[in-house]
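> coordinates only, no sequence provided:
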């Protein structure tokens, strides 16, 4: 997120899914060797950022994400101009991905081990399905903000890994929003710094 | 600020000027030897947090703050139940403090080197007066959020020193709010960590 708490900038469109300035949040990750590897590319930087990204990624056995993160759309799938999502034929997840939606849909099998499953019976169900599919590895809640807030409020997250980019987006999608009295307590467990990002890890009180 | 970006919790009152849960933001600082010293107390913890607080404090020659931070009130001073502010006869600033207000008032001289001056002609004037009074040392913008946002938007800050407490307040006073397109660019310059706080320092692009 940006220092002012946004995970996407204002004015989100299909052409600019992270809103105005939002892509810059990810400057730190796009140059990493581990990110490039996951995306089928060679080269890239190694070092503390890369080590952390690689370790985190290696722990993940399944993903949960919201409909907005998957396609940016809403409503029936037939009317979603981005129903095939952002990532083409070989998405970077290489694992089962459970997409929260109000609209039923058959699973979509992609190359490289990524299958998208569509879950219409809520966040608890998505988590259970993802846990069963993760083969003993971690389930990553990969976004977006609304889904993150729902899982936080229902005390279903064990850890937060926040990557603070040194920028102020000035507006957009707030990661935490206003959680209200359901906000769980946190314990700081790790800090890793580099010029482009500060990685803050927390345990979430259940 | 809390991880979700608040510098005070919800439901601010005279009895609870930092709102519900907001006092916990300062848990890390209240135990420090340097904080206790500034407040005329003995003892306290030393270490990286204390070193950083001590170094930061030693650089400050004058403070600027908003009316809300000074007293929590608004409107004519005669009607402000906290017109003498929070800090008693010997405030912890030990330096000139320039308070932004819409209502004129004679300076208030306190013990220990703190004098409160009341500035009614805007943030530029307050900064100029504070700079002249700082004797070559730094001017600290000490809060609150509204004043910080005004100075950020007008490109009058050189540095940000953000102390992120490992907690989610769930609501309250947002430090950065929505700065919009006036949000300046940042450069991360320093990170200091301890279990109770993460100190993030940035240069602000002018």
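Received it, and whenever you're ready, just let me know what you need. Values in this document were obtained by computation on a predicted structure and should not be read as measured data.

> and the residue positioned nearest the centre of chain A, how far is that from residue A:152?
The residue lying closest to the centre of chain A (CA atoms, centre = their mean) is residue A:142, at 2.2 Å. From residue A:142 over to residue A:152 the distance is 14 Å, taken as CB to CB, to the nearest Å. Every residue, glycine included, has its C-beta placed from N, CA and C.

> with adjacent residues omitted, what lies nearest to residue A:195?
residue B:188 (5.9 Å; CB to CB, 6 or more residues apart in numbering or on different chains).

> are we agreed that the one you found is in a helix?
No - judged by DSSP: H, G, I helix; E, B strand; the rest coil, residue B:188 forms no part of a helix; its state is strand.

> okay, and the beta partners of it?
residue B:202 (DSSP bridges).

> give me the neighbour count for it.
21 (other CB atoms under 10 Å in any protein chain shown).

> returning to what we had before: need the pLDDT of the residue nearest to the centre of chain A.
In this model, residue A:142 is scored at 91, pLDDT.

> ok, it to chain B distance?
Here residue A:142 is placed at a distance of 19 Å from chain B (CB to the nearest CB, to the nearest Å).

> hmm, residue A:64 and that residue touching each other?
Yes - the criterion here is CB atoms under 8 Å, and residue A:142 meets it with residue A:64 at 6.8 Å.

> need the overlap of contacts for these two.
Common neighbours of residue A:142 and residue A:64, using CB atoms under 8 Å, 6 or more residues apart in numbering or on different chains, are residue A:97.

> on that earlier part again, thought the residue nearest to residue A:195 was touching residue B:200?
Yes - contact criterion CB under 8 Å: residue B:188 and residue B:200 qualify, at 7.0 Å.

> what do those two both touch?
By CB under 8 Å, 6+ apart, the residues touching both residue B:188 and residue B:200 are residue A:198.

> what does stretch A:36-51 rub up against?
A:28-29, A:31-35, A:57, A:90, A:92, A:94, A:192-194, A:196-197, A:199.

> please disregard the earlier target; I meant stretch A:76-93.
A:14, A:17, A:38-40, A:63, A:70-74, A:97, A:103, A:105, A:108, A:110-114, A:116.

> so for it, what gets flagged as buried?
The neighbour-count check on stretch A:76-93 (16 or more other CB atoms under 10 Å in any protein chain shown) flags A:77, A:80, A:85, A:87, A:91, A:93 as buried.

> ok now it, how far from the chain's centre?
15 Å (CA atoms, centre = their mean, to the nearest Å).

> what is the mean pLDDT for it?
Mean predicted lDDT for stretch A:76-93 stands at 95.

> straight-line length of that stretch, end to end?
24 Å (CA to CA, to the nearest Å).

> helices and strands around the helix or strand where residue A:61 lies, which ones?
Taking DSSP states H and E as the definition, residue A:61 sits inside strand A:60-66. If you count contacts as 3 or more CB pairs under 8 Å, 6 or more residues apart in numbering or on different chains; DSSP states H and E, strand A:60-66 packs onto strand A:96-100, helix A:123-133, strand A:138-143, helix A:145-153.

> ok so, going back, filter the contacts of stretch A:36-51 to the buried ones?
A:28-29, A:32-35, A:57, A:94, A:192-194, A:196-197, A:199.

> how close does the closest residue to residue A:19 other than its chain neighbours sit to chain B?
Excluding the flanking residues, the one nearest residue A:19 by CB to CB, 6+ apart is residue A:9, at 3.3 Å. In this structure, residue A:9 and chain B are 10 Å apart, going by CB to the nearest CB.

> burial count for residue A:9?
22.

> how about the contacts made by it?
A:18, A:19, A:20, A:21, A:22, A:169, A:170, A:171, A:172.

> who wins for most neighbours among these?
residue A:169 (30 neighbours).

> on the three-state scheme, that residue is what?
coil.

> and what of residue A:73?
Once three-state DSSP is applied, residue A:73 turns out coil.

> which non-adjacent residue is nearest it?
Here the nearest residue to residue A:73 in space, its sequence neighbours aside, is residue A:80; by CB to CB, 6+ apart that works out to 3.6 Å.

> against chain B, how distant is the one you found?
29 Å.

> shouldn't residue A:35 be within a helix?
Yes - assigned with three-state DSSP, residue A:35 falls within a helix.

> circling back: want to throw the buried residues of stretch A:76-93 into a markdown table with secondary structure?
Formatted as a markdown table, the buried residues of stretch A:76-93 follow (three-state DSSP):
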| residue | secondary structure |
| --- | --- |
| A:77 | helix |
| A:80 | coil |
| A:85 | coil |
| A:87 | coil |
| A:91 | coil |
| A:93 | coil |
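
> right, I'll call it a day here.
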